[in-house]
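[1] predicted model and sequence follow; I will ask about them next.
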Amino acid sequence: MPVDDDRRISFLISDAARLMRTVFDRRVRKLGLTRSQWSVLRRLHRRPGASQSELAEMLEIEKASAGRLIDRLEANGWVERRPDAGDRRVNRLYLTAEAVRVNDRIEPISVATVEDALADLSPAEREMLTELMGRVKERLLEMASDTVDDAGAAAATEELERRVANAP
């Protein structure tokens with residue numbers, strides 16, 4: 001019997017993340033900031049002085065897309081570019097005081113969104129979910145890097161193909 005998509009962990013994780021983003025977007029819309037823009041503010045808050053290339057990597061987007069986001073944030077007075085002392089081709093990105101204030105207003109909204117999403121879980125369930133998701137993330141990071149040996153990856157692929165071929 002095929003597994004219902006609503007019971008597949010990959011769909012559940014993806015859907016939960018998408019819905020969390022949707023709820024968050026609705027809550028911050030009144031501040032005139034998109035999720036993408038807030039993501040930039042959060043990353044630069046944690047890593048002031050990142051380059052555009054580093055920011056693009058953190059956001060998992062193309063450099064040109066990151067450039068457009070930075071341009072909009074700079075036009076809004078939230079981000080400033082400063083020349084890199086060691087490489088004049090590179091600009092370092094920093095939040096303005098206004099961006100720090102905006103970020104400080106959005107952080108409680110972010111926390112409340114997560115709290116509301118997890119409201120039906122006990123403290124023990126939240127801790128377990130966090131622990132399990134952390135382990136899944138670590139494994140995926142290993143898989144995304146070259147630390148997983150090719151034989152292991154090949155065996156996992158063969159097993160997956162076998163399961164798909166034998167599925168009803």
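    Alright, I've got the coordinates. Numbers count the residues shown, from 1 in each chain.

[2] okay, the residue sitting nearest the centre point of the chain: pLDDT?
    In the chain, the centroid-proximal residue (Cα atoms, centre = their mean) is L59; its distance is 6.8 Å. Predicted confidence (pLDDT) for L59: 92.

[3] state the distance from it to S39.
    6 Å (Cβ to Cβ, to the nearest Å). All C-beta spots, glycine's among them, are computed from the backbone N, C-alpha and C.

[4] with L33 instead?
    Counting by Cβ to Cβ - L33 and S39 are separated by 10 Å.

[5] more crowded one of the two?
    Shown here are L33 and S39; by other Cβ atoms under 10 Å, L33 has more neighbours (21 against 17).

[6] in what helix or strand does R92 lie?
    strand 91-95 (DSSP states H and E).

[7] quick one: low-confidence ranges for this structure?
    1-5, 146-154, 156, 160-165, 167-168 (pLDDT under 70).

[8] hmm, 90 instead?
    For the chain, the stretches flagged by pLDDT under 90 are 1-8, 25, 28-39, 88, 102-107, 140-168.

[9] that one: strands as residue ranges?
    Taking DSSP state E as the test, the strands found in the chain are 50-51, 79-83, 91-95.

[10] export these to a markdown table and tack on distance to T157 and mean neighbour count?
    Output for the strands of the chain, formatted as a markdown table (distance: least, Cβ to Cβ, whole Å; neighbours: other Cβ atoms under 10 Å):
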| stretch | distance to T157 | mean neighbour count |
| --- | --- | --- |
| strand 50-51 | 35 | 19 |
| strand 79-83 | 42 | 15 |
| strand 91-95 | 39 | 18 |
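
[11] show me the one of these that comes nearest T130.
    Between T130 and the strands of the chain, the shortest gap by Cβ to Cβ is with strand 50-51, which sits at 26.7 Å.

[12] just checking, what packs against that closest one?
    Secondary-structure packing of strand 50-51 (3 or more Cβ pairs under 8 Å, 6 or more residues apart in numbering; DSSP states H and E): strand 91-95.

[13] just checking, what packs against the strand it packs on?
    helix 35-46, strand 50-51, helix 52-59, strand 79-83.

[14] got TSV for the ones you listed, with distance to V90 too?
    Formatted as TSV, the helices and strands packed on strand 91-95 follow (distance: least, Cβ to Cβ, whole Å):
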stretch	distance to V90
helix 35-46	15
strand 50-51	5
helix 52-59	8
strand 79-83	8
